[in-house]
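Enquirer: predicted structure and sequence below. I'll ask about it afterward.
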Amino acid sequence: MKILVTVKQVAFLDDEFEMRDDDRGVDEDFLEKDLNEFDHYSVEEALLIKEAAGDDAEVVVVTVGDEDADDALRTALAKGADRGIRVWDDALAEADGVAIAKVLAKVVEREKPDMVFTGAQSADFGSAVTGMALAGLLGWPHAAVVCNLEYSAGANTATLRRELEGGLEEVMSVRCPAVLSIQLGINEPRYASLRGIKQAKQKPVDELSLDDLDLDSVGSASRVRRMYAPEKGQAELIAGSAAEQAKRLAEIIKELRGM
Amino acid sequence: MFLSQHDPENVTRILFQDFPVWMVVSFYIIGFLAIGVFLYGVWAQIRKYRRGVRSGAWSPFWPRFKAMVATVLSHRTIKRRAPAAGRMHVWIFYGFALLFIGTSIITLDQDITGPFGVHFWYGSFYLVFGVVMDVAGVALIGGLLYMMYRRKWLALPKLDYARPDREPGDPDYDRSWYRREDWAFLWSLIIIAFTGFLLEASRVVWLQGDPTVWDFRWHAPVGTSVAYVMMALGLGPEGAGDLRMGLWWFHGILALTFVALIPYTKVKHIFTAMGSLMARDPEGKRRMPPADVEAERIGINYLGDFSDKYLLNLDACTKCGRCHEACPANAAGYPLSPRDLVLSLREMSGDKLSHASMPEGPIEVIGDGVNMIRPETLWACRTCAACIEICPVGIEHLPMIVEMRRTLIEQGEFDPMLQPTLKSLQKSGNSLGESARKRPRWTRKLDFEIKDARKEPVDVLWYVGDYASFDPRSQKVTIAFARILNAIGIDFGILFEAEQTAGNDVRRVGEEGLFQALAEANIELLDSCEFKTIVTTDPHTYNTVKNEYPEFGGNYEIEHASSMLERLIREGKIPTPKNLDYRVTYHDPCHLGRINDGAEPPRQVLGRLGLDLVELPRNRDNSFCCGAGGGRIWMAEPPEMKKPAELRAAEAAGIDGLDILVVNCPKCLNMMEDGVKGTGNEGNFRVMELIELVEEAMGLTDEPEPEGDGDGTETEQVGAA
């Protein structure tokens, strides 16, 4: 019994930053990186299933990324995942979600897991497409925004709840294996102590190239042309004491009314 | 009187006078039996301690022994915050010790040197001996009577063992067995002492015809006084002889039973307290225990993880309640009393480790079972060190708590609010969830540049710290400190975005791996800079850099801002043109006042600013924590609970005409402002940092007085030197 969890090392933007010279992204110096918030939940969900199965299950975390992404794997391994896979090739530098899904589909073929979890989306680009594309490529069922899951290791079906718009939820059964995109709040992710993260260095991580997966290229279906900060609208944060705030508010109202 | 009939140089007491042989033999059999039971008990206790991890805490032996003897003989630690009980314990201690030495001398004379014909217990030595023993007996009885009075009539809350963190009916709720043991101890000792005097008196009455007894009767002044009472009541020599025989056996058997039971009862504190004091780590309140983060496990999870020293600590506790009384968590109603924690662990180690064989498998310490330590108990701690500071027998509660927290952190058993904080610390080196790049942003509000200590040498490297860098209220203080240093021309610099939190609270919350990583990164950074000394406004940073960084190879001279300001004012380098006319009180930060002996410099600064300082009832080493320490500032306080800061604010509100509650730590500032609001004292007095008062006295403040109609223009800077 094996659960594969796809994870991503995402970037966080400082509130002050500069763009890259080619204007197609943010200067790396202004980014801090960490394991995608959603992936904390998908990893946790896999670990809970593994623990319920009396550890007779394997959790494999896989990421597509350069060496920086090892931190994300190590965090997941520190929490209790058994091993990691990192796929990288310079040709993947500008890969979009569909391209990443093509790589992951090859990994799934290789690993033959009983279940695949992804995060509902990545915290930086947020296209929420990787899991869906992966399921499509594999021809597996997919459920997005999963907020509750009843699944025991090795079962043929899983029952789950999905969040819909307007506060609705739906209950679904899916045939396994399936790809599930896990939503925040499905569980309470555990903490990976720094000691645990360091010790996770001893857990095996396979580094694979596109060659290893028999992929020549993964041609992205889309390309970023430009990234920029739009002009700021008319918003102002009013600071100061209540009296100062009220005074400023009155000024603005007068200004807008042309008084 | 036939003076010639006896020579005072030969007078002595005949032991076993008129005893048939079988009685003497019986007595020796009972005596050896008692010693056997005693020795077995001692061995069983030592075996229990040796089942802990070896700590080597008793070496170097002789310096530690000497320090312990000085502490015990002076009763320094017992007199603190309970002077009357301390003095009375002196009486008991010296009374008991003298009587014990006296009995040993008789044994020596009778059973050890006697058989070789060497006797010394006669003549003038014997006569002086008699007086000394009587005085010792009176001291013992006096002390014991006071302790009975203290328990019964003073009814001190700290001597009530009922546990605030348990429900009535819980098996470990009120520890009534301890209460019965206390009384049994007092009664048996006082009965032994009283029957000693009665025995002495009955002998005088019995042998009144023997001039070697009668003529020297006043060398047993108390016994003889009692003898006169007996005779007045009509007791004759014959009756007294019978009485003496009965009392002799009663007194003897009771005393031997007492000796035999020492290792099994609270009486063992005589030895355990001495052993514990000897092993005491004077740095215990400043430096948390080292740990190998590469090891398979970390911290204390099982009983077998406790060191021999900690196991002895547990047995040394005399339930005096000083820690129970001093603990801010306990005072605010949180489920932690350092005393109860120690007693629970003591019960557990007594249950599990005292028998010939050990129970199978590891014994879990943390959990909800009887005598187990609950996670919420461990999380209630503010690591303020009030317990370890006041413990008269050198128990180190705080390091034990931190060691158990290390286990909870690894198991993920903690307040969910703590997780984002720890992740933020892992990711960007600060606890406020901010990016590292934002750290020096406060400097933008200055109209001068601060040197980058990473790029150029400075005299003083200012370690700013988390709250001082990011917390909006603390930033005002940080800016004030920068202005002061700039105004008087100090050559100083900061580490800008490269600084990470020093890690004091990270270590105390139990995230040892993260603490060590932070310490190593900060030390590497500091070592790459050129500076003479470090200064910080944050006592937590101060403590860790000063006391914990040396373990990782970082040895720096560091000064807290308040000491630096005191020095600069004293040396005339800070001009204070304005005398401030406020009535203030001062709240000692735990990490400065209690933990690092830094109580006086801030008070001297207040004095030099002309302020009217009224002390809080709890001050200096007895200061009451604001509640922020040990990572508690990152965790939720349940709304139904009082906060330690609110108790403290209420304490300050008791001072008539108070204008300002002065704090000296960014975290105290944060907590006390909340505490003042929470107690509805917002309009009554303000909370200010010491640094802000210095700034005001130097005329550097640019903000108009709150109630004044200042024009808001910038006050001119005092010319930089």
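Expert: Alright, I've got the coordinates. Numbering: from 1, shown residues only, chains lettered A, B, ... in the order given.

Enquirer: quick one: contacts for the one residue in the stretch 51-200 of chain A that gets nearest to chain B?
Expert: Closest residue of the stretch 51-200 of chain A to chain B, CB to the nearest CB: A:Arg195 (2.8 Å). C-beta coordinates here come from the backbone N, C-alpha and C atoms, glycine included. By CB atoms under 8 Å, 6 or more residues apart in numbering or on different chains, the residues touching A:Arg195 are B:293, B:298, B:410, B:512-514.

Enquirer: that one is in what secondary structure piece?
Expert: With elements delineated by DSSP states H and E, A:Arg195 resides in helix A:194-199, which encompasses its position.

Enquirer: kindly report the same for A:Ala158.
Expert: Remark: A:Ala158 resides in strand A:157-163, with elements defined by DSSP H and E.

Enquirer: would you mark the buried spots in the helix-or-strand element of chain B with minimal mean pLDDT?
Expert: Across the helices and strands of chain B, the lowest-confidence element by mean pLDDT, DSSP states H and E is helix B:211-214, at a mean of 91. Neighbour-count burial for helix B:211-214 flags B:212-213 (criterion: 16 or more other CB atoms under 10 Å in any protein chain shown).

Enquirer: immediately after it, which helix or strand?
Expert: Past helix B:211-214, heading to the C-terminal end, the next element that is a helix or strand (DSSP H and E) is helix B:221-232.

Enquirer: which residues does that following helix contact?
Expert: By CB under 8 Å, 6+ apart, the surrounding residues in contact with helix B:221-232 are B:131, B:134, B:137-138, B:197-205, B:208, B:217-218, B:240.

Enquirer: what does the stretch 51-200 of chain A put close to chain B?
Expert: By CB under 8 Å from any CB of the partner chain, the part of the stretch 51-200 of chain A that sits against chain B consists of A:188-191, A:193-199.

Enquirer: quick one, what contacts the closest residue to A:Ala128 other than its chain neighbours?
Expert: Across the structure, with CB to CB, 6 or more residues apart in numbering or on different chains as the measure, the residue nearest A:Ala128 apart from its sequence neighbours is A:Gln121 (3.8 Å). Counting by CB under 8 Å, 6+ apart, A:Gln121 makes contact with A:38, A:127-128, A:181.

Enquirer: 10 Å instead?
Expert: For A:Gln121, the residues meeting the contact criterion (CB atoms under 10 Å, 6 or more residues apart in numbering or on different chains) are A:8, A:36-38, A:97, A:127-131, A:144-145, A:181, A:183-184.

Enquirer: and if you look at A:Ile182?
Expert: In this structure, A:Ile182 makes contact with A:5, A:38-46, A:117-120, A:131, A:143-147, A:149, A:160, judged by CB under 10 Å, 6+ apart.

Enquirer: just the strands from chain B, written as ranges.
Expert: Secondary structure of chain B by DSSP state E: the strands cover B:451-452, B:460-462, B:492-494, B:533-536, B:558-560, B:583-586, B:612-613, B:660-663, B:686-689.

Enquirer: for the first one, which outside residues touch it?
Expert: The set of residues external to strand B:451-452 that reach it, using CB under 10 Å, 6+ apart, is B:440, B:457-462, B:491-496, B:498, B:529.

Enquirer: pull out the buried residues from those residues.
Expert: Burial of the contacts of strand B:451-452 was assessed by neighbour count (16+ other CB under 10 Å); the buried members are B:440, B:458, B:460-462, B:492-496, B:498, B:529.

Enquirer: buried residues of stretch B:598-611, list them for me.
Expert: Applying a neighbour-count criterion of 16+ other CB under 10 Å, the buried positions in stretch B:598-611 are B:598-599, B:601-606, B:608-609, B:611.

Enquirer: my bad, should have said stretch B:290-308
Expert: Taking 16+ other CB under 10 Å as the neighbour-count basis, stretch B:290-308 is seen to contain the buried residues B:291, B:293, B:298-301, B:303, B:305-308.

Enquirer: kindly identify which of those also come near chain A.
Expert: Intersecting the buried residues of stretch B:290-308 with the surroundings of chain A, defined as CB under 10 Å from any CB of the partner chain, gives B:291, B:293, B:298.

Enquirer: could you export stretch B:253-266 as PDB, CA atoms only?
Expert: Backbone C-alpha positions of stretch B:253-266 (Å, rounded to 0.1, in the frame of the first residue of the first chain) are rendered in PDB as follows:
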ATOM      1  CA  ILE B 253      12.800   2.500  71.300                       C
ATOM      2  CA  LEU B 254      11.100   5.700  70.000                       C
ATOM      3  CA  ALA B 255      14.400   7.300  69.200                       C
ATOM      4  CA  LEU B 256      15.700   4.100  67.500                       C
ATOM      5  CA  THR B 257      12.500   3.800  65.500                       C
ATOM      6  CA  PHE B 258      12.900   7.400  64.400                       C
ATOM      7  CA  VAL B 259      16.400   6.700  63.200                       C
ATOM      8  CA  ALA B 260      15.400   3.500  61.500                       C
ATOM      9  CA  LEU B 261      12.700   5.300  59.600                       C
ATOM     10  CA  ILE B 262      14.800   8.300  58.400                       C
ATOM     11  CA  PRO B 263      15.300   7.000  54.900                       C
ATOM     12  CA  TYR B 264      11.600   6.100  54.400                       C
ATOM     13  CA  THR B 265      10.000   9.300  55.600                       C
ATOM     14  CA  LYS B 266      10.300  13.100  55.200                       C
END
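
Enquirer: in it, what counts as buried?
Expert: Here stretch B:253-266 shows B:254-256, B:258-264, B:266 as buried, counting by 16+ other CB under 10 Å.

Enquirer: in JSON lines, list these along with pLDDT.
Expert: As requested, the buried residues of stretch B:253-266 are exported to JSON lines (pLDDT from 0 to 100):
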{"residue": "B:Leu254", "pLDDT": "97"}
{"residue": "B:Ala255", "pLDDT": "96"}
{"residue": "B:Leu256", "pLDDT": "96"}
{"residue": "B:Phe258", "pLDDT": "97"}
{"residue": "B:Val259", "pLDDT": "96"}
{"residue": "B:Ala260", "pLDDT": "97"}
{"residue": "B:Leu261", "pLDDT": "97"}
{"residue": "B:Ile262", "pLDDT": "97"}
{"residue": "B:Pro263", "pLDDT": "97"}
{"residue": "B:Tyr264", "pLDDT": "96"}
{"residue": "B:Lys266", "pLDDT": "96"}
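
Enquirer: now flag whichever of those is closest to A:Lys247.
Expert: When these are ranked by distance to A:Lys247 (CB to CB), B:Lys266 comes first, at 68.7 Å.

Enquirer: residues touching the closest one, list them.
Expert: Contacts for B:Lys266 (CB under 10 Å, 6+ apart) come out as B:178, B:181-182, B:184-185, B:272, B:315, B:317-319.

Enquirer: average pLDDT across the helix holding A:Arg195?
Expert: When pLDDT is averaged along helix A:194-199, the result is 93.

Enquirer: next SSE after it?
Expert: Tracing the chain past helix A:194-199, the next element assigned as helix or strand by DSSP H and E is strand A:205-208.

Enquirer: I'd like the next helix or strand past that next one.
Expert: helix A:242-256.

Enquirer: name the residues that touch that following helix?
Expert: A:234, A:236, A:238-241, A:259.

Enquirer: for chain A, what's the nearest residue on the stretch 401-550 of chain B?
Expert: With distances taken as CB to the nearest CB, the stretch 401-550 of chain B approaches chain A most closely at B:Gly513, which sits 2.8 Å away.

Enquirer: neighbours around that residue, how many?
Expert: Residues lying near B:Gly513 (other CB atoms under 10 Å in any protein chain shown) number 24.

Enquirer: from what I see, it and B:Gly503 are in contact.
Expert: No. The pair B:Gly513 and B:Gly503 does not pass the contact test of CB atoms under 10 Å, sitting 11.0 Å apart.

Enquirer: centroid residue for chain A?
Expert: With the centre of chain A defined as its mean C-alpha position, the nearest residue by CA atoms, centre = their mean is A:Ser122, 3.7 Å away.

Enquirer: let me see the contact set for it.
Expert: Neighbouring residues of A:Ser122 by CB under 10 Å, 6+ apart: A:7-11, A:36-39, A:97, A:100, A:128-130.
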